[in-house]
Structure formats: structure tokens, C-alpha cells
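Asker: Sequence first, then the predicted structure:
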Amino acid sequence: MGGGRLITDDDIGLKVLREAPAEAEAAQIIDIVAVHGLGAHPDHSWCKNEGTRESPRWVN
């Protein structure tokens, strides 16, 4: 196998990248759900490995 990082329990499940602002109205809120491919590591699917908890990574 390649030199990648193992998938742990913390990598599995739904992860919120950015919460909606408290002042957002219900009519303005949308949900985007991205599901990584089978066998792919969730940290490396469609994302640039840049960002912090305050400024999350973007889905490409």
C-alpha cells in the first residue's frame, strides 16, 4: 500500500465544515453534502489540504 494515513474512527461520519451564521434566515440556508469515494481517504477527496478550523478547507 501507499504511504498514506490510516482512516480512524474520527475520519468517519458527517463533518460540518462551516455553520450557518446565526442571523441567516431559513429561506437563505442551503445544505451541500459531499460524499468521498469508496476506498478514498476523506481528507484527500476533492479538497485542498489547506485551511484551519476557523477557515475550513473548500471542496474543489
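Answerer: Looks like it came in fine.
Asker: From now on I want contacts and neighbour counts done on CA atoms only, so please keep to that.
Answerer: OK.
Asker: Report how many residues lie close to L6.
Answerer: The tally of other residues near L6 (other C-alpha atoms under 10 Å) stands at 8.
Asker: from what I can see, it looks like it's in a helix, true?
Answerer: No: counting by DSSP: H, G, I helix; E, B strand; the rest coil, L6 falls outside a helix, being coil.
Asker: Compute the distance between it and V16, please.
Answerer: Plainly put, L6 is 21 Å away from V16 if you go by C-alpha to C-alpha, to the nearest Å.
Asker: ditto for E23
Answerer: To V16, E23 is 18 Å away according to C-alpha to C-alpha.
Asker: now V33
Answerer: 9 Å.
Asker: same question, I7
Answerer: 18 Å.
Asker: Of the two, give the one with the bigger neighbour count.
Answerer: Shown here are I7 and V16; by other C-alpha under 10 Å, I7 has more neighbours (13 against 7).
Asker: Sketch out the low-pLDDT regions of this structure for me.
Answerer: Applying pLDDT under 70 to the chain picks out residues 1-4, 24-29, 36-60.
Asker: give me that answer again for 50
Answerer: Applying pLDDT under 50 to the chain flags residues 1.
Asker: Check the secondary structure at D10 for me.
Answerer: helix.
Asker: And R5, how close does it get to D11?
Answerer: Here R5 is placed at a distance of 11 Å from D11 (C-alpha to C-alpha).
Asker: neighbour-wise, which of those two wins?
Answerer: D11 (12 against 8).
Asker: Okay, and P21 sits in which element?
Answerer: Using DSSP states H and E, P21 falls within no helix or strand.
Asker: mind listing what it touches?
Answerer: Applying C-alpha atoms under 8 Å, 6 or more residues apart in numbering to P21 gives no contacts.
Asker: List phi and psi for it.
Answerer: According to degrees, to the nearest 10, the main-chain angles of P21 amount to phi -60, psi 150.
Asker: go on, I32?
Answerer: Taking degrees, to the nearest 10 as the convention, I32 sits at phi -120, psi 130.
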